[in-house]
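Trainee: take a look and give me a structure for this.
(chains A and B)
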There are 2 protein chains.
Amino acid sequence: MADTITISLDAMGGDYGADVVIPGAAIALERRPDARFAIYGNEGTVLPILERYPALKAASTFHHCDIAVAMDAKPSQALRQGRWKSSMWRSLEAVKTGEAHVAVSAGNTGALMAMSKFCLRTMANIERPAIAAIWPTMRGESIVLDVGATIGADAQQLIDFSILGGAMARALFSIERPSVGLLNIGVEEVKGLEEVRTAGRLLRDAGLPSLDYAGFVEGDDLGRGTVDVVVTEGFAGNIALKTAEGTAKQIGEYLRSAMKRTFLAKVGYILAKSAFDRLRDKMDPRKVNGGVFLGLNGIVIKSHGGTDAEGFASAVELAYEMQRNKLLDKISQDLVHYHRGRFAGATEGVK
Amino acid sequence: MADTITISLDAMGGDYGADVVIPGAAIALERRPDARFAIYGNEGTVLPILERYPALKAASTFHHCDIAVAMDAKPSQALRQGRWKSSMWRSLEAVKTGEAHVAVSAGNTGALMAMSKFCLRTMANIERPAIAAIWPTMRGESIVLDVGATIGADAQQLIDFSILGGAMARALFSIERPSVGLLNIGVEEVKGLEEVRTAGRLLRDAGLPSLDYAGFVEGDDLGRGTVDVVVTEGFAGNIALKTAEGTAKQIGEYLRSAMKRTFLAKVGYILAKSAFDRLRDKMDPRKVNGGVFLGLNGIVIKSHGGTDAEGFASAVELAYEMQRNKLLDKISQDLVHYHRGRFAGATEGVK
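Mentor: All right, here's what the predicted structure looks like:
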């Protein structure tokens, strides 16, 4: 594969399947012309669409799969029915065998995570994987993990997530030593969840070269962009993510209805349209589409199920960037470094 | 006390103490002229300010206290130093002795909750108190609890919070049978935290007359106003609350900077100013100022520490409404009803 980056695509995933995946990949290819694709899906569905994108077709291999994992399939059900043969499984397997560098699917999150764990397995010394989201902030972007892979996390898992998130920040933002905060309620060292306090103490003592531990952060630090990486367990992380999405929608709704109320407001809206467009652009969820599965022997990108081609293209480009910046190598190095230090007694006391 | 409503005030609480508490109470009195106040604080600090508000002075009793609880005092420290004699303690004690119906403090949350628990004690059959926040939504307002009183909650505590929140919704929104949702990740019955799933099953089986259990809700349902009451444990609830506040600030910031970028946008902004004012008004955190401590033998309202007089007035008016609508009686009735049903075997299996 030399320096080419090959991305495997689950063409059947998402609310619209190949109707979004194929046009989305075509958009991404225009922007990253050296990308190559391994496309998995039902030939009757996918090939007629692929025909309409000759450049993409030329840059891809296609692999027929009889089975597509349903968007409402339970993880156990998806594994039972879709293992070895579904488009989702085979797009992951391509990463395992080295045929592709990174996989992208808009399929259902639970099924994709279950299959990813089963197919790719967690990395050495990592107990549980995490899903990392890119979070738009006042300062730019941060990484927030875990946003829903695992409920609850002990201190060691929070430290693992810090290392995973730190490596991703280095790959994505080109920061040498990203700042990492632990999400908590209250910023004082004595406050909040026991696991979070223990993880904070150990991270401080460890003095890792790959990340700058910045202490506790609170919910409002997410939008403020106080740190490059915010670490939390999956329940609170998922609720924070969805609460922020909901609040953004709510304010957009308020704004729209306020701008329609009076004649002057309508005129004002038209004059300030470029500003509103800029705001909409800034808040466009399609731009930061893509949850990154971290902690597995391979990178998997989960696109929003309901996104359009533009949004799917963002997920594909994120996959491309993660591979180009060697995310997996960075994680491996950081883990080796951390565990070497730990072995030397630097962070004794972690259970 | 007949039908008058007496509100006890910790005049030393908050970032600005009596400088905000006294003018705030004066504003509230203008709007609720039949309210009466029992004011606790240092006479040297409070009396000169109170002199400037003769109507408030006439409607109040003043009680000198030597000690004020510091905004950064740890709960244990506040209890040790401030019990029996601080303005915070004595404003709570006034509720206990019946001199006041409800207490308002802008003092530090941890200290106020610790003192409230110690002074007022939890109600019969309630293990842990909760803090309920009023959450502005697309549909109006919802109640969200717990937003930070207790970390973690078992199924029974989540049921207790549902009953407490349901009673508050009846008192505040005049809805006969408010809808109650449990905050979870994913809305399917098989998903999410075990405690939440168990609480959901039991609430469904209990078929309480005081509330309409509506199943699981997710983070984005908060802003949508899907249900009247959202129940969660304090860690996730606090993070959700602060994340929403942070997101609102972030979008406000985006909007402000977008409106300043071009000449046309500036003109548009001026024309649409009434609409922007409306938006600002809708998002004004001072309007929904006041966390309500629920589950204690008395109602305590926690005002934001950094609010101004207008914001403090909102907290006082909330206190007034909670008493006028007999929140405590409603809670007692609902608890009796629930436990009677439980005793009859309706919700067997709760640990």
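
Trainee: can you tell me how far residue A:82 sits from residue B:130?
Mentor: Separation of residue A:82 from residue B:130 (CB to CB, to the nearest Å): 42 Å. Yep, even glycine has a C-beta here, placed from its N, CA and C like the rest.

Trainee: between those two, which is the more surrounded one?
Mentor: Remark: of residue A:82 and residue B:130, residue B:130 carries more neighbours, 32 against 23, as counted by other CB atoms under 10 Å in any protein chain shown.

Trainee: pLDDT value on the more buried one, please?
Mentor: pLDDT, residue B:130: 96.

Trainee: gap between it and residue B:165?
Mentor: As for residue B:130, its distance to residue B:165 is 8 Å (criterion: CB to CB).

Trainee: hmm, residue A:42 is touching residue A:64, no?
Mentor: Yes: look at residue A:42 against residue A:64 with CB atoms under 8 Å: they come within range, at 6.8 Å.

Trainee: of the two, which one has the most company?
Mentor: Counted by other CB under 10 Å, residue A:42 and residue A:64 do not tie: residue A:42 has more neighbours, with 17 against 14.

Trainee: for that one, give its distance to residue A:14.
Mentor: According to CB to CB, residue A:42 and residue A:14 sit 14 Å apart.

Trainee: domains in chain A, by residue range?
Mentor: A:1-126+A:295-325, A:127-286 (automatic domain parsing).

Trainee: gap between the two ends of the last one?
Mentor: Right, domain A:127-286. Domain A:127-286 has its terminal residues 31 Å apart, counting by CA to CA, to the nearest Å.

Trainee: ok, and the helix or strand in chain A with the lowest average confidence?
Mentor: For chain A, the helix or strand with the lowest mean confidence is helix A:273-283, at a mean of 77 (criterion: mean pLDDT, DSSP states H and E).

Trainee: wondering if that one reaches chain B at all.
Mentor: Yes: residues of helix A:273-283 are located near chain B by CB under 8 Å from any CB of the partner chain, namely A:273-276, A:278-279, A:282-283.

Trainee: pLDDT score for residue A:38?
Mentor: For residue A:38, the model assigns a pLDDT of 98.

Trainee: give me phi/psi at the closest residue in space to it that isn't next to it in sequence?
Mentor: For residue A:38, ignoring the flanking residues on the chain, the nearest one in space by CB to CB, 6 or more residues apart in numbering or on different chains is residue A:8 at 4.3 Å. Backbone geometry at residue A:8, expressed as degrees, to the nearest 10, gives phi -90, psi 140.

Trainee: and residue A:8, bridged to which residues?
Mentor: Here residue A:8 sits in beta bridges with residue A:38, residue A:103, as judged by DSSP bridges.

Trainee: how far away is it from residue A:75?
Mentor: 20 Å.

Trainee: do the same with residue A:206
Mentor: Distance of residue A:206 to residue A:75, given as CB to CB: 34 Å.

Trainee: same check, this time on residue A:84
Mentor: 16 Å.

Trainee: skip ahead from the longest helix belonging to chain A and say which helix or strand is next.
Mentor: In chain A, taking DSSP state H as the definition, the longest helix is helix A:234-259. Where DSSP states H and E defines the elements, the next helix or strand beyond helix A:234-259 is helix A:263-271.

Trainee: specify the beta-bridge partners of the residue nearest to the spatial centre of chain A.
Mentor: For chain A, the residue sitting closest to the mean C-alpha position, by CA atoms, centre = their mean, is residue A:291 at 1.9 Å. With DSSP bridges as the criterion, residue A:291 is bridged to residue A:302.

Trainee: that older thread, identify the contacts common to residue B:130 and residue B:165.
Mentor: B:145, B:294 (CB atoms under 8 Å, 6 or more residues apart in numbering or on different chains).
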